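Colleague: fold the following, please.
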Amino acid sequence: MNNLFKGLLLVTLVYCNVGNINANDILNNEYNYDLFSDFNLTTENNLKNDNNININQNKTIKILSLDGGGTRGYLQAKFLDRFCQDADIDNIGEYFDLIAGTSAGSLNAMALVNDITPNDIMNFYRSKSPWIFTIRSVKDIFSNNASVPSNKPNAFQQFLMMLFSNPFYKSVSQTSNYGNARLRMELHDAFGDKLLTSIKTPVLLTAYNDSEYYPLMFTNANLNHIPDTFRNIKIVDAIMASMSAPVFLPSTELHLSLDANASAQHIVDGALFQNNPSLLALTAAKALYPSAENYFLLSIGTGSGEIGLHLDVDDPEPSMNTTLQYTRLYSTMMYNSSVANEIFFKEISKPLHKSNIHYYRFNFKLDNNIDCDFTTSTTEFFNYLDSAVIKQYDKDQSKIEAFINNINKENNK
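Modeller: I've put the predicted structure just below:
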């Protein structure tokens, strides 16, 4: 099993190839950030002395994995709201033994471990995202603020923004009421200056270092070889980094080097690494809980559909070729990451393998006739997700009940 995990993780690293950067470059960066040694699956000594997080001795370990997907992260909260009722869960942040997230999934993960309910998360998406994913209108040209919510750039505006390397939702000022400035403000209102290490439940957030070309993970678990700079980070900074989707939002500048005099590095969306962090979550759980007899993994996607680029260019100008290829590569990487993880877990969880990994994945295809891209934030869109989640939940009811019952059965042994 170890070799299978390593092989799939190596495939993940290969996805990160850009230009002349290769997997060896990633594995041999200055931090010696070797995923395979970080998450040693065979030893009992994966942790340094750390009494802050809750590492129980249960034989049954429950893992929650949350995909990235912008405003479609709303559907994860909608699913969890009903799942908590069916599983009789009072505090989902305490129920799971490890929670992993990418991009919007990282926001949802941190909300859950900070005792923010799924219903409150849904309210956040409905009330805050219209002002995050909006741009200034013509009448706002002399203002730092936007006057209209949910005002997405049209195809021509997207063309111009990408031509000049300007992320769609980059604010003109750190105090603007829209875009990335609004996102940071709302996150600070929710989490303040709390550090990742203040959280009791083990968490894992994915991101990608676009300055030095390697994937990284923010975690409060004191795993061997994970630099303290990846742990002693503000929750707001970790979420911003994991959500900094290229093209849509600007990169997040963080000082992650062990050298205090080093320059800040540009960190972008974890979707470039693992949009579906299920495999990483399971690998980390095996490192944190090596004596467990069963691992239950609940993986929640954000629906499959458009990502929010409206560039139907049959014969693009040379200046657009690189940009179009980059955005297509970005969307392809996100999709392939999720599919590869799903194929693996579907196969390994089959009864014939007699695996101790129990897996349920919630995801569905979105309606192509409805605007469902990563940045849609209208009331109609969220209402559609409400009904779509309930429909899919009802369809998967027997699978979900079996998943919950199997957890309870193992816990009662």
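Colleague: next one, pLDDT for the nearest residue in space to residue 176 that is not next to it in sequence please.
Modeller: Leaving aside its sequence neighbours, residue 176 sits nearest to residue 144 (Cβ to Cβ, 6 or more residues apart in numbering; 4.9 Å). Backbone N, C-alpha and C define where each C-beta goes, glycine included. Listed pLDDT for residue 144 reads 97.
Colleague: would you say residue 62 is within a strand?
Modeller: Yes. Counting by DSSP: H, G, I helix; E, B strand; the rest coil, residue 62 is located in a strand.
Colleague: hang on, the earlier thing: could you double-check that the residue nearest to residue 176 lies in contact with residue 174?
Modeller: No. Using Cβ atoms under 8 Å, residue 144 makes no contact with residue 174, being 9.3 Å away.
Colleague: quick one: which of those two has more around it?
Modeller: residue 144 (15 against 10; other Cβ atoms under 10 Å).
Colleague: and that one, what does it touch?
Modeller: Residues counted as contacts of residue 144 (Cβ atoms under 8 Å, 6 or more residues apart in numbering) are 171, 172, 173, 175, 176, 177.
Colleague: can you pick out the most distant pair from the residues you listed?
Modeller: 172 and 177 (10.8 Å; Cβ to Cβ).
Colleague: show me which of these two is the more surrounded one.
Modeller: A count of neighbours by other Cβ under 10 Å puts residue 177 above the other of residue 172 and residue 177, at 19 against 15.
Colleague: for the helix or strand harbouring residue 162, name the packing helices and strands.
Modeller: In this structure, residue 162 sits in helix 155-163 according to DSSP states H and E. Secondary structure elements in contact with helix 155-163, counted by 3 or more Cβ pairs under 8 Å, 6 or more residues apart in numbering; DSSP states H and E, are helix 318-348.
Colleague: what's the separation between the residue most central in space within the chain and residue 270?
Modeller: When Cα atoms, centre = their mean is applied to the chain, the residue found nearest the centroid is residue 102 (0.9 Å). To residue 270, residue 102 is 4 Å away according to Cβ to Cβ, to the nearest Å.
Colleague: now the common contact residues for those two.
Modeller: By Cβ under 8 Å, 6+ apart, the residues touching both residue 102 and residue 270 are 68, 205, 206, 242, 277.
Colleague: show me these that map onto helices.
Modeller: residue 242 (DSSP state H).
Colleague: just the contacts of residue 144: which are in strands?
Modeller: Mapping those onto strands (DSSP state E) picks out no residues; all lie outside.
Colleague: all set, thanks.
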